[in-house]
Each structure stands twice: as structure tokens, then as C-alpha cells.
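> Take a look and give me a structure for this.
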Amino acid sequence: MKKYAFTELANPAELTYRNEIQLTEDRYREVADWIDIVTKDGYLEVLPYLRRRGIEPRGKGLELGAGMCWLSAQLSTLPQVERMHALDLSEKLLSEVAPPVIRGLGGNLDKIEFHVGDFHELSMFDSAAFDFVAVDAALHHTNHVVQVLSEAHRILVPSGILLAVNEPGIPRVTTPLTRASPEHFGAHERQFGVIENTFREEEWREMFEQVGFTVRFIARVHRRRSLRAKAKRYTPLRWLNGVLFWSKVVVARQPA
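Down below sits the predicted model:
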């Protein structure tokens, strides 16, 4: 495991939460709980869903804000993915949680290299070093999204892609059903100092395009177990994705 210095943009309160608080909460107490979330809430459907739409990561990849590394685990099983690098600010998550999660999900640990570091500063990686970058619900944990995207843009090869899944978005109309407005989103984590931003689709697009990406949003509703999630997935509400709720994968491409 390689370790790098953090920048002043890293949030020490989030590191404290990940290391000392989150792992004591009922939902995350055991490795089996993390695997249960991933398998029963439909996380593992994301890559097959994208593949059916012609989006298939290949080559050498980097996951930013990797945490328990479920996404790196799934990517490591793909024969066209040669190598995965997983970067997170929490050494505890990468050393204690990620390996058993990866094994439990059938991932290939031999293909994954762990890095403890700050995604605001990726100077440890050369320019054009990766064919793709993957992010699972991590971009909204910084007030400096453009800085992170700029670094991701630099390390991608021409025509490389960035996949951002599970990022929150504000629909055009907010309702009690969605609870996606800034005053509601991430209330639990915010009490511990974790940054919990949520943006409108046009704001997401502007940040990606500002650093040179072309952006595509693909509607995707997870198979989560709550009644609210089931209503979005299995009723006509699914056609209002972006209007009454926002659940999309961001596919950003580096120009050729």
C-alpha cells in the first residue's frame, strides 16, 4: 500500500468519521454489512447496465474515494481491465474493510493496488496514465469538485472516460418523496463535519465541461430496498428521473 501526503483541501473531519465513527454504526459494523448493502441494493447492476449501453471500461483504471472498493472489486473481474488502482484518504478502510469486501464480491485482489492519498492532488500519477477513472459517491464530499475533475482529466489518456456513480443530484422539482434538497441531504454525516454537497444536473455538467470533459448523463435507478426507491424504479415515476428525483450515472469523456 502506497501513502501520500494530503493537501490542505482534504477534510480531516471526514477522515475522523470514516476511521472512528462510521465503522461503529450499525449499518457498517461488520464487513458482511458492507457486502449486504452492495449486493441487495443493486450496486452490482451498474456496470452491466452501462455495458448494455456501449460503455465498458478497459485497460488501466483508477478509483477515486474508493472506500470499501466494491467498484474496484467489480472492475477487477473484467478481463479487459488490466489493472486497478484504488485511492482513498482512509488507510483503515483500505487495509481492514476493502480486502475482505473485494474477496466477498469475487474480485481479483492481485489486480488491485491500494493508495492512501488525497484526490485533490494526483501528482503521484503521470499525465495520461489511465484509460479510465471511476468514482462512487465521492465527488460530492468536497467543496473543490473542479480541482478533483481537473486532476482526473490530466491523468486520463485521450478518449479516456470518467464514470461517476451514486452522486446526488437535485431534481428540477423537489418534494418530500425525494428529499434531495441541500438542507435534507446527508444530514447525519454533516453533523460529524463530513461535506455533503448536492448539485443540479446543469451544475454537474458545468463543472465537468469546465475542465474539458464532454458529459453524458444516463438515467439509472438503484434496486434499493426502501419503499421510496421501489416507487422510483417500478412505477411510472421512473419516467420523471431528473424532474421529481435525480438518479443518473455521469459518463465524462476526455477528448481524443
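
> Look up how far Leu240 lies from the nearest residue to Val243 once chain neighbours are set aside.
Of all residues beyond its chain neighbours, the one nearest Val243 is Arg172 (5.2 Å), with distances taken as Cβ to Cβ, 6 or more residues apart in numbering. The C-beta positions use only the backbone N, C-alpha and C, and glycine is treated the same way. In this structure, Arg172 and Leu240 are separated by 9 Å, where distance is defined by Cβ to Cβ, to the nearest Å.

> Val145 too?
From Val145 across to Leu240, the span is 26 Å (Cβ to Cβ).

> Show me which of those two is the more surrounded one.
Applying other Cβ atoms under 10 Å to Val145 and Leu240 shows that Val145 carries more neighbours, namely 21 against 15.

> My understanding was that that one contacts Leu139; is that so?
Yes. Contact status for Val145 versus Leu139: in contact at 5.4 Å, counting by Cβ atoms under 8 Å.

> Pull out the buried positions in stretch 100-109.
101-102, 104-105, 107-109 (16 or more other Cβ atoms under 10 Å).

> Show me which of those is closest to Glu20.
Distance to Glu20, by Cβ to Cβ, is smallest for Val101 among those, at 19.3 Å.

> That closest one: what secondary structure?
For Val101, the reduced secondary structure class is helix; criterion used: DSSP: H, G, I helix; E, B strand; the rest coil.

> residues contacting it?
Contact criterion Cβ atoms under 8 Å, 6 or more residues apart in numbering gives 31, 34-35, 38, 68-70, 73 as the residues in contact with Val101.

> can we see that at 6 Å?
When the contact criterion is Cβ atoms under 6 Å, 6 or more residues apart in numbering, the partners of Val101 are 34-35, 68.

> Apart from its neighbours in sequence, what residue is nearest it?
With Cβ to Cβ, 6+ apart as the measure, Met68 is the residue that lies nearest to Val101, at 4.7 Å, once sequence neighbours are left out.

> Would you map the strands across the protein?
Along the chain, the segments classed as strands by DSSP state E run 2-3, 59-64, 81-88, 112-116, 130-136, 156-165, 169-170, 199-200, 214-219, 248-253.

> Most tightly packed of those?
Mean neighbour count (mean count of other Cβ atoms under 10 Å) peaks for strand 130-136 among those, with a mean of 25.

> CA atoms of it as CSV?
Listed in CSV are the C-alpha atoms of strand 130-136, where the atom choice follows Å, rounded to 0.1, in the frame of the first residue of the first chain:
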residue,chain,number,x,y,z
PHE,A,130,-5.1,5.8,-17.0
ASP,A,131,-7.6,4.6,-19.5
PHE,A,132,-10.5,5.3,-17.1
VAL,A,133,-11.3,6.8,-13.8
ALA,A,134,-14.2,5.5,-11.6
VAL,A,135,-15.9,7.3,-8.7
ASP,A,136,-18.6,6.0,-6.4
